[in-house]
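In: Structure for the following, please:
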Amino acid sequence: MAEFQRETGHEHAPYAAFHQWSIDQPAQFWQAVWNYTNVIGDPGGTVVEDFHLMPGARFFPDARLNFAENLLRNANSREAIVFQAEDRVTRRLTRVELHTQTARLAAALQAHGVKPGDRIAAWLPNMPETVIAMLAAATIGATFSSCSPDFGVEGVVDRFGQIEPVVLFVADGYFYDGKTFETLDKAAQIAARLPTVKHVVVVPLLNETPNLPNAIIWNDFLQEPAPTFDRFPFNHPLYILYSSGTTGVPKCIVHGAGGTLLQHLKEHQLHGDIRAGDRVFYFTTCGWMMWNWLASALASEAAILLYDGSPFHNGGRTLLDFLDRERATHFGTSAKFLDALAKSGLRPIEHWPLKKIRIIFSTGSPLAPEGFDFVYRNIKRDVCLSSISGGTDIVSCFVLGNPTLPVYRGEIQCKGLGMAVNVFNSEGKPIQNGEAGELVCTRPFPSMPLGFWNDLTQKTYKAAYFERFEKVWHHGDYARITDHDGIVILGRSDATLNPGGVRIGTAEIYRQVERLPEILESIAVGQDFSHDVRVILFVKLRPGINLDEALKARIKQTIRANTTPRHVPAKIIAVPDIPRTKSGKLVELAVREIIHGRIVRNQEALANPEALEHFRNLSFED
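Out: Next up, the predicted model:
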């Protein structure tokens, strides 16, 4: 960050002033990012046109580039990928090996008739072949989309069925928490329901020669390299990602190659201090946007560390062994993982030096102040803890870290450069006094979606982000800006509680409840009651703990003492499990629907859909 400020003539500017320049002078800023990060391609003569339109602004309208060419730069003997599937499989690829494998797969796709704009779908674990399939698709201008193999048949078909892929990559199975899961039967069902798929390619993980009728094994599909790296327009479609799908059929969000690349390079090199030779880990599956974010670290000439399986295999020790042994410099995880690690009693600082780690990233849900305490006391003391927040919608971040700024307990450090982030009240006016409101972005940025798949008039796209405030991106997070110009995310605004007309972010409640040692997890929803809304809190307790009146009273007292009386739930109910999406996010909306007796659709989007049954037909009587 400091070097970039020097190069742009802002060496001594405070970050707030530098950020203001980045949004006031978008042409200068984004051209400087292109130059500083050494984007391979022709930027053209215009940086941005129609900047006053949102949506509608176009960045680098004359540029030509290839996303894969940027990630595969400098094909040398340095490691590019290290892969571990729990404690079963470990593999390594150098940058030259990754380049060669990508070229061979790109040649095969071309030989099988894949053209620019065709869709390539992958139902795969977080393994090297998934990255190679993405890079090969980008090499020839195809559009890549992925789901992890823990998605069931319906969940996969709900997603891939909309985008009509021509090639489908599947694995023969995966490992999770020491168990082996075979997937070829499901793969056959998925392929049968995707009529546009012309070729199914099987990637071996469990078996060297998996058998799926009418499919081709990965090594047999590869061909000798053909000419690669045709360059495409800046907004050539690169990825299709999906909304969670917990309230309807998942939306297919189309992202462009140039915007994704430029935004990731900015976030990695400036906000994340990712350098050539670094070793970057993020715990993710390829069904979450953090997989796409992690893969882009290759463009900074860092190695990416891929782990597939349960993060708590062997009590979390397998994952920590992997990070320590592979000399990770960046450790990315979720707030949920850090909280669960804290509740487990494990103190990594006593057993794993993690000497090389400079930055710990956390996302997926708000990281509570106690999560910051746990990291610095029990994982590593000399580290930059970067809580980050953005989303699948922008395949990047609105607010994130900065290695040149202090870390304040419970706060995201700063607004992203080039991102005109603010907090609005319900009238669409900026909030000046640190109160909570709607997280918005008031000016265009390169990684805005190209649109939704098959939404030709952009009606659904505009309704999703621009209906609430005219010409302003409304992200759907409830947030506040702190005295340090940091940000606190209080939860999703569509899950915001509203008892007596007072808005309450759910994260404010979770932060207090989960401080209690008896509570493993919690989820709060608003229940329609007596012409108002009352707060219902569900808690998952430690084994052997009962939710008696004394514990209920302590929960309420803890919430009341540390927030306001409005935050105190009307009812507290114990449940065996709490539903989450596959990326670990709580699904307050699904719980709210089910306690009101309404149907919850697309449960395939959940990691544990069976947990919803614990909320059905409950009695809320005193």
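
In: by contact count, what packs against the lowest-mean-pLDDT helix or strand in the chain?
Out: The helix or strand of the chain with the lowest confidence, counting by mean pLDDT, DSSP states H and E, is helix 506-513 at a mean of 84. Using 3 or more C-beta pairs under 8 Å, 6 or more residues apart in numbering; DSSP states H and E as the contact test, the elements touching helix 506-513 are strand 487-492, strand 519-529, strand 532-541, helix 549-562. Where you see a C-beta, it was placed from the backbone N, CA and C, and this is true even at glycine.

In: Does Gln101 touch Leu93 like I think?
Out: Yes: Gln101 is in contact with Leu93 according to C-beta atoms under 8 Å; the separation is 7.2 Å.

In: what sits in contact with each of these two?
Out: Pro128 (C-beta atoms under 8 Å, 6 or more residues apart in numbering).

In: So these two - more neighbours on which side?
Out: Taking neighbours as other C-beta atoms under 10 Å, Gln101 and Leu93 compare with Gln101 leading, 23 against 20.

In: What is the three-state secondary structure of that one?
Out: helix (DSSP: H, G, I helix; E, B strand; the rest coil).

In: Excluding chain neighbours, what is closest to it?
Out: Ile132 (5.0 Å; C-beta to C-beta, 6 or more residues apart in numbering).

In: Low-confidence bits of the stretch 501-622 of the chain, can you list those?
Out: 501-503, 531, 621-622 (pLDDT under 70).

In: let's see it at 80
Out: Scanning the stretch 501-622 of the chain for pLDDT under 80 picks out the ranges 501-505, 507-508, 530-532, 563-566, 582-584, 601-605, 617, 619-622.

In: How about the stretch 301-450 of the chain?
Out: Applying pLDDT under 80 to the stretch 301-450 of the chain flags residues 365, 432.

In: how about the strands in it?
Out: With DSSP state E, counting those that start in this stretch, the ranges of strands along the stretch 301-450 of the chain come out as 303-308, 330-334, 359-363, 384-387, 389-391, 396-400, 414-415, 421-424, 437-441.

In: Nearest to Thr37, out of these?
Out: strand 396-400 (14.0 Å; C-beta to C-beta).

In: name the helices or strands packed onto that closest one?
Out: Using 3+ C-beta pairs under 8 Å, 6+ apart, strand 396-400 sits against helix 257-266, strand 389-391, strand 414-415.

In: okay, the ones you listed in CSV with distance to Ala297 and mean neighbour count next?
Out: Formatted as CSV, the helices and strands packed on strand 396-400 follow (distance: least, C-beta to C-beta, whole Å; neighbours: other C-beta atoms under 10 Å):
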stretch, distance to Ala297, mean neighbour count
helix 257-266, 8, 26
strand 389-391, 16, 21
strand 414-415, 20, 26
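
In: May I see those organised as a markdown table, with distance to Ala188 added?
Out: Output for the helices and strands packed on strand 396-400, formatted as a markdown table (distance: least, C-beta to C-beta, whole Å):
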| stretch | distance to Ala188 |
| --- | --- |
| helix 257-266 | 32 |
| strand 389-391 | 33 |
| strand 414-415 | 48 |
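
In: Out of the ones you listed, which gets nearest to Lys336?
Out: Of all those, it is strand 389-391 that lies closest to Lys336, at 14.0 Å by C-beta to C-beta.

In: Return the angle between stretch directions for the least confident helix or strand of the chain and strand 532-541.
Out: Between the axes of helix 506-513 and strand 532-541, defined by axes from the mean of the first three to the mean of the last three C-alpha atoms, to 10 degrees, the angle is 40 degrees.

In: How far does helix 506-513 sit from its chain's centre?
Out: Mean C-alpha position of helix 506-513 versus that of the full chain (C-alpha atoms, centre = their mean, to the nearest Å) differs by 22 Å.

In: again, but for stretch 258-265
Out: For stretch 258-265, the distance to the chain centre is 15 Å (C-alpha atoms, centre = their mean).

In: now what about it, what contacts it?
Out: By C-beta under 8 Å, 6+ apart, stretch 258-265 touches 30, 33-34, 37, 39, 59-60, 63, 65, 67, 70, 233-236, 238-239, 292-293, 296-297, 299-300, 394-396, 445-448.

In: Sort out for me which of these are in helices.
Out: When those are checked against helices (DSSP state H), the matches are 30, 33-34, 67, 70, 292-293.

In: Compare those and tell me which has the most neighbours.
Out: Neighbour-wise, the ones in helices among the contacts of stretch 258-265 (other C-beta under 10 Å) top out at Phe67, 30 neighbours.

In: Roughly how far does that one sit from Ala368?
Out: Distance of Phe67 to Ala368, given as C-beta to C-beta, to the nearest Å: 36 Å.

In: Can you convert the strands of the stretch 301-450 of the chain into a markdown table and add a column each for distance to Gln458?
Out: Listed next are these as a markdown table, based on distance: least, C-beta to C-beta, whole Å:
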| stretch | distance to Gln458 |
| --- | --- |
| strand 303-308 | 34 |
| strand 330-334 | 32 |
| strand 359-363 | 28 |
| strand 384-387 | 32 |
| strand 389-391 | 19 |
| strand 396-400 | 20 |
| strand 414-415 | 26 |
| strand 421-424 | 23 |
| strand 437-441 | 18 |
